[in-house]
Structure formats: C-alpha cells, structure tokens
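A.B. asks: Sequence first, predicted coordinates after that:
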Amino acid sequence: MMKVLPGVIVGGLLLAGLVACGGAEPTVPEPTSRPVKVFLVEGGAGDAVRSFPGKVNASQRAELAFRVSGKVQEVLVREGDLVKEGQVLARLDPADYELVLEDRQARFDNSQSNFKRARELVKAGNISRLDFDRMEAEYRSATAALSQARKDLEYTILTAPFAGRVAQRGVENFEEVVAKQAVIWLQNINQLDIVIDLPESLVRSIRGGVSREVGNPGHTEPAVRATARFQGRGDQTFTLQPKEVSTRADPQTQTFRATLTMPAPTAFTVLPGMTATVSLDLSGLVSVDSVKWVPARAVQADAGLEPRVWLLDPVSMTVSPRKVTIGRLSGSMVEITDGLVGGEEIIAVGAPYLAEGMRVTRMAEREQAAPRADDPN
C-alpha cells in the first residue's frame, strides 16, 4: 500500500478550495457616506423678517434709598401700589436730625452776630484784619453746617422721583437702614422696553443706524420695523420703536443687546419680567447684496488654488463645489462677497475629504465637537 504524506493532503485541499472559488469575483463593499458638520448660510429673502424672544423691562426704573442712616419710622406703600411723582413713600425717625439742626442753628446765630460786629469794628480799626478774617471763616463754616443739617432732615423723607408702580420694598417699619441702602424699587409702567439679543451674523449685515432720513432733510423714521406679540393675545401685534443697540458683544453668548420701546397696553396688563416675541423687518437695513459670513474652515482651495465651498443637496445628500470670492477674516469667520445668495447649506467640518457627488450624512449635534487646532483645513 502506498503511503500518503500529510503535506500532500493539505495541498490538495487548498487546491480544491481555490478551484471551487475561482469562478466568483470578490465583493466590493458599498462606499459609506462621510459624516460632516453643516453650516446654514445667513441671508436670502427669508431673512428680511426675523423673530426673537424678548424680555419686558420698565423703560424707567429706580432703586430708591435714603441718603442718610436711621430707623424706619413708617413705610407708606406696599408692593404693587401706583404712586404719583413727589408722593411720600417712607420716612425715617427725624429726632436725631432735628437735634443736630437745633445745634447748628445756634452756632450759626452766634457766628453771624460775631461777624456783623466784627465787620463794624474792623472798619473803625478796633480789631485786626486777622481777627476779622477768622470770624468771617467761622460764619461761613456755620452757614454751610446749617445748610447740611437742613438737608439731612429733608433726606429722612423718601419721595417718588416719577409716577409709577412699586415693584418691591425691602424694609419694614422700625428697621435700621444705612445711607444709600435700597429700600424701594420703583418702575414706570406707562412705557415698556423689550430687550432682545441680536446674533453677530445679523449685526454684520446691517448697514447704517437704526433710523434713516425720509422725505424732508432732517426728518427720520425707524428703518427697522418691529412688532411685539404677547402670550395669550393671539396674533395681536404692537408697534415697537428702536431705542438703543449695544456695540459690545456679550462675552458668553457673542450677541448684541437691542432695546425697543412701546407704550404699555391698556387692554391687558404687561409687567416687567414678562416675555414677548419680537419680529423685526430688516428689509430697510439689510443690503440686497450684503456679504455672507461663513466658517473659515468651510472655504477650501481647488486645483487652481481658487477658493470654493462644498454645497449640500439636502435631497440627495450629495455635495458639489461652488466657487466663491472671499474678503475679510474676522476670528473664525470669513467674509464671502460673491458666490452665495443666502440660505445654502455648506460643509463646515470635513470639507478637505470631499469629492464632487460624494454622499454625506449630517453629524448629530452631540457629535459636532469644536475642531482641534491641529485638524487639517
């Protein structure tokens, strides 16, 4: 019997396997889509009207305090009370200040008499000029001290500097307070301010100020048409007038605070601290050909070293290149002066790895981490 070596058996098995598989081609896996971070380009016709959440403030408000220290004798108002301008709100015990006033009055009377006598004596040469100057100084000092004592007594009475509503009171009767300690918070609710936060991208696109000349020279009207809606009032809107816009961004949110004002509604109550929805029609401020700002990482160079961005087709989820013209660089954003009209979605992170027609997927928000400094542009 012929002996079969183990190596021959193994080789035969391998050969048989290769013959059996020789007719099948290897399967190529389907290309997977690349996850990218998408940026929505500001602008377009839809951006002419924007809505922002707003917070209602009183247009005039004050923290009222006594200008002297003492014991509260009586507080004459409660929270929510309407008060008139000049109305007495609270009083301090005036006893100590009345005593000081009597003492200052006595010193004033004495120094005044001495000064009048010295004025006659110095003319006759009966006293020296030095003595007269000393008595005159004492008289002037006593006059100032008396005036201050009278003022201090007046300061024991706290009055309303304007008509409004008592928002809060911080003291009760018989409490000790110190000078300049806030005791009553007063708000004028006849005129309301609504504060909103404008994003940096919107402020960049605004040209001019909050008003423009119309008709006769020197006559201005708001270029921003703004309205407010309040919860529970349906579609009822109230016209707002621009009041001021901050030129310094909030360090945390990088937004700019804008304040608009309106008369308080009479049909229902709106109080400071409530919320409103503000709609801004920016068609009078935003240029038709206004520039767009996009992340600098979204702009790549093509084979000819021309700048381009990758546009996303949200239907097919594929990308295509778009040539752009770039302008200024501000932080992590770059100005696009031509090539984008607004409303496009472009690739902000992952652009260096794309090709025309490549399929992509949107990163989940939690996956869209801030890019590292050593990532390729």
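C.D. replies: Noted; the coordinates are in hand.

A.B. asks: mind showing which ranges of the protein have poor pLDDT?
C.D. replies: 1-32, 43-48, 201, 204-224, 283-291, 365-377 (pLDDT under 70).

A.B. asks: domains of it?
C.D. replies: Domain assignment for the chain by automatic domain parsing gives 47-59+189-281, 94-155, 291-365.

A.B. asks: if I pick the spatially most central residue of the chain, what's in contact with it?
C.D. replies: The residue lying closest to the centre of the chain (Cα atoms, centre = their mean) is Arg257, at 3.2 Å. Each residue near Arg257 by Cβ atoms under 8 Å, 6 or more residues apart in numbering is listed here: 195-198, 245-246, 250. Heads up, the C-betas are built off the backbone N, CA and C, glycines and all.

A.B. asks: Helix or strand: which one has it?
C.D. replies: In the assignment (DSSP states H and E), Arg257 maps to strand 255-263.

A.B. asks: partners of that strand in the sheet?
C.D. replies: Here strand 255-263 has these sheet partners by DSSP bridges: strand 182-199 (antiparallel), strand 238-245 (antiparallel).

A.B. asks: Mean neighbour count, the ones you listed: which tops it?
C.D. replies: Highest mean neighbour count among the strands paired with strand 255-263 (mean count of other Cβ atoms under 10 Å): strand 182-199, with a mean of 20.

A.B. asks: Centre of the chain to that one, how far?
C.D. replies: Offset of strand 182-199 from its chain centre (Cα atoms, centre = their mean, to the nearest Å): 14 Å.

A.B. asks: again, but for stretch 265-285
C.D. replies: 16 Å.

A.B. asks: likewise stretch 138-154?
C.D. replies: On Cα atoms, centre = their mean, the centre of stretch 138-154 falls 46 Å from the chain's centre.

A.B. asks: Then stretch 311-318?
C.D. replies: Distance of stretch 311-318 from the chain centroid (Cα atoms, centre = their mean) equals 36 Å.

A.B. asks: same deal with stretch 176-187?
C.D. replies: Computed by Cα atoms, centre = their mean, the chain-centroid distance of stretch 176-187 equals 27 Å.

A.B. asks: Could you do stretch 137-155 as well?
C.D. replies: 45 Å.

A.B. asks: Now tell me what touches it from outside.
C.D. replies: Applying Cβ under 8 Å, 6+ apart, the contact partners of stretch 137-155 are 66-68, 94, 97-98, 100-101, 103-105, 107-108, 110-112, 114-115.

A.B. asks: Of these, just the buried ones, ChimeraX syntax please.
C.D. replies: Selection of the buried residues among the contacts of stretch 137-155 in ChimeraX, burial being defined by 16 or more other Cβ atoms under 10 Å:
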select :66,68,94,97,100,101,104,107,108,111,112,114,115
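
A.B. asks: quick one: which of the contacts of stretch 137-155 sit in helices?
C.D. replies: Residues of the contacts of stretch 137-155 located in helices (DSSP state H): 97-98, 100-101, 103-105, 107-108, 110-112, 114-115.

A.B. asks: how about the helices of the stretch 151-300 of the chain, start to end?
C.D. replies: Using DSSP state H, counting those that start in this stretch, the helices found in the stretch 151-300 of the chain span residues 200-205.

A.B. asks: sorry, back to before: right, so of the domains of the chain, which gets closest to Val77?
C.D. replies: Closest to Val77 of those is domain 47-59+189-281 (Cβ to Cβ; 14.9 Å).

A.B. asks: List the contacts of Asp338.
C.D. replies: By Cβ under 8 Å, 6+ apart, the contact set of Asp338 is 324-325.

A.B. asks: secondary structure element for Arg119?
C.D. replies: Per DSSP H and E, Arg119 falls inside helix 95-124.

A.B. asks: Point out the other helices and strands that that helix packs with.
C.D. replies: With contacts taken as 3 or more Cβ pairs under 8 Å, 6 or more residues apart in numbering; DSSP states H and E, helix 95-124 sits against helix 129-154.

A.B. asks: Just the buried positions in the helix it packs on, please.
C.D. replies: For helix 129-154, a neighbour-count test (16+ other Cβ under 10 Å) marks 132, 135-136, 138-139, 142-143, 145-146, 149, 152-153 as buried.

A.B. asks: Any chance of the residues you listed in a markdown table with distance to Gln300 as columns?
C.D. replies: Output for those, formatted as a markdown table (distance: Cβ to Cβ, whole Å):
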| residue | distance to Gln300 |
| --- | --- |
| Phe132 | 90 |
| Met135 | 89 |
| Glu136 | 85 |
| Glu138 | 85 |
| Tyr139 | 85 |
| Ala142 | 83 |
| Thr143 | 80 |
| Ala145 | 78 |
| Leu146 | 80 |
| Ala149 | 78 |
| Asp152 | 73 |
| Leu153 | 76 |
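
A.B. asks: just those residues now: which is nearest Ala179?
C.D. replies: Of the buried residues of helix 129-154, the one sitting nearest to Ala179 (Cβ to Cβ) turns out to be Asp152, at 9.9 Å.

A.B. asks: Let me know whether Ala276 touches Ser51 as I believe.
C.D. replies: No: counting by Cβ atoms under 8 Å, Ala276 stays clear of Ser51, with 10.6 Å between them.

A.B. asks: quick one, what contacts Arg248?
C.D. replies: By Cβ under 8 Å, 6+ apart, the neighbours of Arg248 are Phe256.

A.B. asks: measure the closest residue to Ile346 other than its chain neighbours to Asp338 for me?
C.D. replies: Closest residue to Ile346 apart from its sequence neighbours, by Cβ to Cβ, 6 or more residues apart in numbering: Val309 at 4.6 Å. Distance of Val309 to Asp338, computed by Cβ to Cβ, to the nearest Å: 12 Å.

A.B. asks: ok, now Ala58?
C.D. replies: Taking Cβ to Cβ as the measure, Ala58 falls 46 Å from Asp338.

A.B. asks: between the contacts of Arg257, which is closest to Pro314?
C.D. replies: Nearest to Pro314 among those, with distances taken as Cβ to Cβ, is Leu198, at 27.2 Å.
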